[in-house]
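sharing a model prediction with you, sequence too.
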Amino acid sequence: MTAVRQPEKPSRSIGQQFLSFSRDARFLAVIGQIVFVIVVAILASGLFAQISASLRASNTTPTFGFLSARAGFGIANAGDYTPDDTYWEAFAVGIRNTLSVVSIALVGATLLGIVWGVLLLSTNWLLRTVTRTLVEILRNVPLLIVIVIVYFAVLTLPVQRDAISFPAAAILPIPIRYFIYAVAALIVWNIMRGLPAAQHHQRALIVSAFVVTLVVIEMLFVLYGALPGAMSIIYGGALTSNFGQMATAAGIIIALLTFIGAKNTPQAVRGALTGVLIGGLLFFFGVVPNSALRLETSPILYISNRGLVYPNIMPTARFAEWAVFVVIGIVIAVVLYLYLGRVQEKTGQPQPRLLYSVLITLGLALIGWIIVSAQPLPAAIPVADDNGIVSLMSIDDARTAELLTADDELLYASDPLGISIPARQGLRFVGGVEVSENYVALLIALVIYTAAFIAEIVRAGILAVPKGQIEAARSLGLGYGQMLRMVILPQALRVIIPPLGNQYLNLAKNSSLAIAIAYADLYAVTYTMINQSGQSVTGIFMLMVVYLIISLSISAVMNWVNGRFEIKTR
């Protein structure tokens, strides 16, 4: 048989081929995109050429060289910044001020928004109505008006000389430490509830140790407060330092005894927690009684029309050594958390992963504090008197003669952390951290304004949870708080997180309204830089880049969180 020869297809011309391509949707889409990019590039180059020509005509060609020049203007809440610093350092101060407001406002708005969102669904008519009224007012008023109202409300506070102090002896009927005793007693009582009646020896040990702890602390306060002046520093400091170390060791021994004598893991954990609690209380009130006594006898917080003054926690020369113990504790806690998570997935038995992790972290931090604080201080240190004469004397003598500076106190401190408590000195405050009224007003306004929108998001997320889930939780006998924590909020987060990210972005960008109350944030500092240097294009470009980085960072974090909570499907 002979093969049948297929007829050859006639070859198409170039015009026919182009005509066929022109009918292809994919080809047309690519051509359209190329044409669009070309048009945008032409328009952008023309606009850039026109702007460049206009700037050259006014002798303001964009450049970053001006950033190394002297700024010449002051900035509030600037730390070590002075007008003699450069524009770049001034710009960095603006970034720092903006981030300090935004970071704290994000946390505050989230917590307050969750509380308001839950109260919007409260069965209590008064709470629900008051919260709804407040949320509706804030959501329908411009943020600028809220900032101005809060700012002038802050300015109605008394002058710095008559600042409101907290705590004040005239306001609190009992010392602060009694409130701490009450909280500690509640914790111990909660631990005791979980112990069966058969563990009566553990109950007796825990109660006895706790009562002895409170009695010794009270005796310590009385003794330390009764020693006058320099005697309380010389003898009281040595006495209480040794007492704190021995008492903390006793707390650790109690923890070990209760841990060994326990019959199961929950009992062991409760006993260890009790020992850590008792040891921590004894350690705090034993090693740093001076700070504890000041918390009792003098105010630690001042509010006036000049702003807010609060204690400052500062790292000392021994902080790095203590940080090693903290880092090791965190690493071990993370490894244990992941390991127990795998055990829970394999066995199906719930594991108190978070409790164990927190216990290990706090335990190693406490042990590290004891070891670091126990290291001896130098017998004599060089100090300079008022005449500039340097001499060697003991730390206690130098402290008694008030020859130690703030840096010396941090250098020769026995504890890893030092507390600087503010004290009134004439018309100003010494020690602590002072923030301006502008910062306080902006922070409050951003928090309450954003919290109003977050409250509506939380309310919608809770309502999105099927009613059957709530009825099932009630049938199990769960309380309202347990339902929120274990049933409602975990499911509502899938609805809450996406719009929550938008509110975080709005908060970060709304912080630029701080210029209305003269707070030196990023926008206000950049605006001043532009007015002085004339570099408007460069300043606006830098401003856009920083806000873009902040927004993209928030978006990246929220997308990651959203990915963790979303339902995985095929």
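Received it, and whenever you're ready, just let me know what you need. Numbering: from 1, shown residues only.

hang on, residue 165 is in a strand, isn't it?
Yes - counting by DSSP: H, G, I helix; E, B strand; the rest coil, residue 165 is part of a strand.

nearest spatial neighbour of it, skipping sequence neighbours?
Nearest residue to residue 165, sequence neighbours excluded (C-beta to C-beta, 6 or more residues apart in numbering): residue 299, at 3.4 Å. C-beta here means a position set from N, CA and C on the backbone, and glycine is covered the same way.

can I assume residue 529 is in contact with residue 535?
Yes - between residue 529 and residue 535 there is a contact under C-beta atoms under 8 Å: 7.4 Å.

who has more neighbours, those two?
The residue with more neighbours, out of residue 529 and residue 535, is residue 529; 25 against 22, by other C-beta atoms under 10 Å.

so that one: helix, strand or coil?
Look at residue 529: counting by three-state DSSP, its state is helix.

what sits against it?
71, 87, 90-91, 535, 539 (C-beta atoms under 8 Å, 6 or more residues apart in numbering).

and what of residue 417?
Applying C-beta under 8 Å, 6+ apart, the residues near residue 417 are 313-316, 319, 322.

can you give me the neighbour number for the residue nearest to residue 165?
19.

which element is it on?
Secondary structure assignment for residue 299, by DSSP states H and E: no helix or strand.

quick one: pLDDT of it?
Listed pLDDT for residue 299 reads 71.

that one touches residue 166, doesn't it?
Yes - counting by C-beta under 8 Å, residue 166 is a contact partner of residue 299 at 6.2 Å.

quickly list what's touching both of these two.
With C-beta under 8 Å, 6+ apart, residue 299 and residue 166 have no common neighbours.

filter the contacts of residue 417 to the buried ones?
Restricting these to buried positions leaves 316, 319, 322, with burial counted as 16 or more other C-beta atoms under 10 Å.

can I get these in TSV including distance to residue 149?
Listed next are the buried ones among the contacts of residue 417 as TSV, based on distance: C-beta to C-beta, whole Å:
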residue	distance to residue 149
316	42
319	42
322	44
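
quick one: which of those is nearest residue 210?
Checking the buried ones among the contacts of residue 417 against residue 210 with C-beta to C-beta, the nearest one is residue 322 at 26.9 Å.

can you redo the buried ones among the contacts of residue 417 as CSV with distance to residue 558, pLDDT and secondary structure?
Compiled in CSV, the buried ones among the contacts of residue 417 are given as follows (distance: C-beta to C-beta, whole Å; pLDDT from 0 to 100; DSSP: H, G, I helix; E, B strand; the rest coil):
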residue, distance to residue 558, pLDDT, secondary structure
316, 37, 85, coil
319, 33, 88, helix
322, 34, 90, helix
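
residue 444 versus the residue nearest to residue 165, what's the distance?
Distance, residue 299 to residue 444, using C-beta to C-beta, to the nearest Å: 21 Å.

residue 148 too?
Counting by C-beta to C-beta, the gap from residue 148 to residue 444 is 12 Å.

cool, residue 57 as well?
The value you get for residue 57 to residue 444, if C-beta to C-beta is used, is 46 Å.

one more: residue 495?
Taken as C-beta to C-beta, the span from residue 495 to residue 444 is 28 Å.

end to end, how far does stretch 345-360 reach?
By C-alpha to C-alpha, to the nearest Å, the extent of stretch 345-360 from end to end equals 22 Å.

let me see the mean pLDDT of that stretch.
Rounded mean pLDDT across stretch 345-360 is 78.

ditto for stretch 74-92
Stretch 74-92 carries an average pLDDT of 84.

next: stretch 533-549.
Average pLDDT, stretch 533-549: 88.

hmm, back to that, of the contacts of residue 529, buried ones?
Among the contacts of residue 529, those classed as buried by 16+ other C-beta under 10 Å are 71, 87, 90-91, 535, 539.

what is the nearest of the residues you listed to residue 404?
Closest approach between those and residue 404, by C-beta to C-beta: residue 90, at 33.9 Å.

contacting residues for the closest one?
71, 73, 75, 81, 525, 528-529.

any idea which of those is closest to residue 559?
Of all those, residue 559 sits closest to residue 525, with 30.1 Å by C-beta to C-beta.

before we move on, the earlier item: need the buried ones from the contacts of residue 90 selected in ChimeraX.
Command for ChimeraX, covering only those of these found buried under the criterion 16+ other C-beta under 10 Å:
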select :71,75,81,525,528,529
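
now tabulate the contacts of residue 90 in a markdown table and tack on secondary structure and distance to residue 37.
Formatted as a markdown table, these follow (DSSP: H, G, I helix; E, B strand; the rest coil; distance: C-beta to C-beta, whole Å):
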| residue | secondary structure | distance to residue 37 |
| --- | --- | --- |
| 71 | coil | 41 |
| 73 | coil | 43 |
| 75 | coil | 43 |
| 81 | coil | 44 |
| 525 | helix | 37 |
| 528 | helix | 38 |
| 529 | helix | 34 |
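
name the nearest of the contacts of residue 90 relative to residue 466.
Among the contacts of residue 90, and counting by C-beta to C-beta, the member closest to residue 466 is residue 525, at 50.1 Å.

list the contacts for the nearest residue to the closest one once chain neighbours are set aside?
Nearest residue to residue 525, sequence neighbours excluded (C-beta to C-beta, 6+ apart): residue 94, at 3.2 Å. Counting by C-beta under 8 Å, 6+ apart, residue 94 makes contact with 75, 520-526.

mind running it again at 10 Å?
75, 78, 520-529, 542-543, 546 (C-beta atoms under 10 Å, 6 or more residues apart in numbering).

toward the C-terminus, what is the element adjacent to whichever strand or helix holds it?
Using DSSP H and E, residue 94 falls within helix 87-119. Next in sequence after helix 87-119, counting helices and strands by DSSP H and E, comes helix 125-139.

now that next one, how far from the centre of its chain.
27 Å (C-alpha atoms, centre = their mean, to the nearest Å).

hmm, the residue nearest to residue 165 is touching residue 421, no?
Yes - using C-beta atoms under 10 Å, residue 299 is in contact with residue 421, at 8.8 Å.

identify the contacts common to these two.
residue 309.

re earlier: which among the contacts of residue 90 gets closest to residue 114?
Closest to residue 114, out of all of the contacts of residue 90 and judged by C-beta to C-beta, is residue 525, at 33.1 Å.

how close does that closest one sit to residue 131?
Going from residue 525 to residue 131 by C-beta to C-beta gives 37 Å.

one more: residue 68?
Residue 68 is 52 Å from residue 131, by C-beta to C-beta.

count residues in the vicinity of the nearest residue to residue 127 once chain neighbours are set aside, would you?
The shortest distance from residue 127 to any non-neighbouring residue, by C-beta to C-beta, 6+ apart, is to residue 119 (5.2 Å). Residue 119 has 20 neighbours, counted by other C-beta under 10 Å.

what does the pLDDT read for residue 119?
90.

isn't it up against residue 125?
No - judged on C-beta under 10 Å, residue 119 makes no contact with residue 125 at a distance of 11.5 Å.

what stretches of the stretch 451-570 of the chain score poorly on pLDDT?
567-570 (pLDDT under 70).

make it 80
Where the stretch 451-570 of the chain drops to pLDDT under 80, the residues are 477-482, 484-485, 564-570.

the residue lying closest to residue 382 once chain neighbours are set aside bridge partners, please.
Leaving aside its sequence neighbours, residue 382 sits nearest to residue 390 (C-beta to C-beta, 6+ apart; 5.3 Å). Assessed by DSSP bridges, residue 390 has beta-bridge partners residue 384.
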